[in-house]
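Participant: Sequence first, then the predicted structure:
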Amino acid sequence: MKIGFEIHVQLKTESKLFCNCPTNYWEAEPNENICPVCTGLPGAKPNPVNREAIKKALLVALALGMDVEDRVVFLRKHYFYPDLPSGYQRTSTPLGRNGRLGNVRIRELHVEEDPGRYELREGLVDFNRSGVPLIEIVTEPDMKSIEEAEEFLKNLHLLLTYLDVILNPSIVFRVDANISLEGGERVEVKNINSIEGVRKALKYEILRQRRLLETGKKVERETRHWDEARGVTISLRVKETEEDYRYMPDPDIPPVLLSKELVEEVKRALPELPWERERRFVEEYGIDPSDAHTLVLDKELGEFFEELSGKVDPRFAAVFLADRLRGELNYRGLTFRDVLHLREPLERVAVAWYSGEITKNAAVELMRGVLDRTVVDVNAEIEKKKVVTDVEEVVEEVVRELASVVEDYRSGKREALNRLIGEVMKRTGGRADPKKVREIILTKI
Ligand code: ZN
Ligand code: MN
């Protein structure tokens, strides 16, 4: 089995690729962000290409380890559809070639403009999206299973998050997946909008192609459409060649020169990449590699880890965040970005637990309270839950007053010990460490 992708990502820029219209299409009223250029009116003159989009595309190309071209040209790719008023999509020659992400080779990366949105059912068109800058990342067909394909997309998503180039976090990818099984032709599935969707579409397509091949039928080279609602792929067209698009250089758009200075400037702007950060966390802080991996998967959580490591032992911070906090966040369907405003109280809880001011149980309870907003004043709560230091006194009192329970324990009823522990915990308001209480009781009786 061979799987390859063409992945479209809308780039985070203020304005569109060839005009000054804003890019926030999902927040605007239909056809609010439009002008003669992005609606393809006759005679409308486009701006030269948006430099910010070129820089962001270069940033991705460099992060993928690609060889960068020194000049790109915008081509007109012709097709007829209501979402494309000019009758052609502007798409660049590759900015970068021969990259790699994990075990997957990246063939090329280029820039293009997004078409508008056409609602087939109502026949309505919205051009807010028309002209929004995209990059298209084309991989080699190097993935050999659905798991590998999913892993690749997750890594790519993480990388794009670190690079801060994603325009609309709710639709990061628009993926076309190529898939071929042994003995069959290559089939392209278009229009998949999420990693989850890719998994389902691949699963469906593998099953469909396998069935054909097993019954002695042919899998023909074709383009299919992923129908998200019905969970099936539908044949769109059989065969389609480059010539059908009648590619030609766009005479309105001057060629874009990628000077050495520009490439150097973008290189300097490259942030620390996730795999670099993971290695550094292990080397610099001496934390467990699996904790480092978990911390890096949530960019903001990793940043919080570095802050917290200045206040408590980094290994404690790593476990607290990677294990405890991340578990609680997952349970609530959140990432650390969603709770950035709660850093202070969360840090306070971690420090209180680390310094032994409160017990582990109290810390977990407090952390949940902070996340669920049932705890408002975290300092007051910590004060209430502070570990009682004179536990011995309480134990002595309990042993004296519950002499018959002590007798029970001595005569072999082991469960009597739990009664004693329970009583001490009750009298300390739950602020003692149960393990320690148990130890002290045992030495006293
Ligand atoms: Zn415009
Ligand atoms: Mn494309």
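Facilitator: Arrived safely, thanks for sending. Ligands and ions are numbered 1, 2, ... in the order given.

Participant: low-confidence ranges in the stretch 101-250 of the chain?
Facilitator: Scanning the stretch 101-250 of the chain for pLDDT under 70 picks out 239-242.

Participant: hey, where'd the strands end up in it?
Facilitator: Taking DSSP state E, counting those that start in this stretch to define them, one finds strands in the stretch 101-250 of the chain at 104-113, 117-119, 124-126, 133-139, 174-180, 187-192, 222-227, 232-238, 248-249.

Participant: and ligand 1, which of those is closest to it?
Facilitator: Proximity to ligand 1 (C-beta to the ion) singles out strand 104-113 among the strands of the stretch 101-250 of the chain, at 10.3 Å. Every C-beta, even on glycine, is put in place using the N, C-alpha and C of the backbone.

Participant: That closest one near ligand 1 anywhere?
Facilitator: No - Strand 104-113 is not in contact with ligand 1 by C-beta under 5 Å from the ion; minimum separation 10.3 Å.

Participant: Need the strands of the stretch 101-250 of the chain in a markdown table (columns: mean neighbour count and distance to Glu392).
Facilitator: Output for the strands of the stretch 101-250 of the chain, formatted as a markdown table (neighbours: other C-beta atoms under 10 Å; distance: least, C-beta to C-beta, whole Å):
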| stretch | mean neighbour count | distance to Glu392 |
| --- | --- | --- |
| strand 104-113 | 22 | 62 |
| strand 117-119 | 14 | 72 |
| strand 124-126 | 17 | 73 |
| strand 133-139 | 23 | 65 |
| strand 174-180 | 21 | 64 |
| strand 187-192 | 20 | 65 |
| strand 222-227 | 18 | 68 |
| strand 232-238 | 14 | 70 |
| strand 248-249 | 12 | 86 |
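
Participant: Out of those, flag the one nearest Tyr409.
Facilitator: Among those, strand 104-113 comes nearest to Tyr409, with 63.4 Å by C-beta to C-beta.

Participant: and the nearest residue to Ile253 once chain neighbours are set aside, what does it touch?
Facilitator: The shortest distance from Ile253 to any residue other than its chain neighbours is 4.2 Å, reached at Phe74 (C-beta to C-beta, 6 or more residues apart in numbering). Neighbour list for Phe74: Val49, Arg90, Thr91, Ser92, Pro249, Asp250, Ile253, Val256 [criterion: C-beta atoms under 8 Å, 6 or more residues apart in numbering].

Participant: before we move on, what about Glu357?
Facilitator: So Glu357 contacts Ile382, Lys386, Val387 (C-beta under 8 Å, 6+ apart).

Participant: Sort out which of the residues you listed are buried, if you could.
Facilitator: Taking 16 or more other C-beta atoms under 10 Å as the criterion, what is buried in these is Ile382, Lys386, Val387.

Participant: from these, which is closest to Glu182?
Facilitator: Distances from Glu182 to the buried ones among the contacts of Glu357, taken by C-beta to C-beta, are shortest for Ile382, at 62.5 Å.

Participant: Can you tell me how far the closest one is from ligand 1?
Facilitator: 55 Å (C-beta to the ion, to the nearest Å).

Participant: what number of residues lie near the residue of the stretch 51-200 of the chain found nearest ligand 1?
Facilitator: When scored by C-beta to the ion, the stretch 51-200 of the chain has Gly131 as its residue closest to ligand 1, at 5.5 Å. Neighbour count for Gly131, taken as other C-beta atoms under 10 Å: 29.

Participant: Same check on Asp250?
Facilitator: 17.

Participant: again with Glu214
Facilitator: By the other C-beta under 10 Å criterion, the neighbourhood of Glu214 contains 9 residues.
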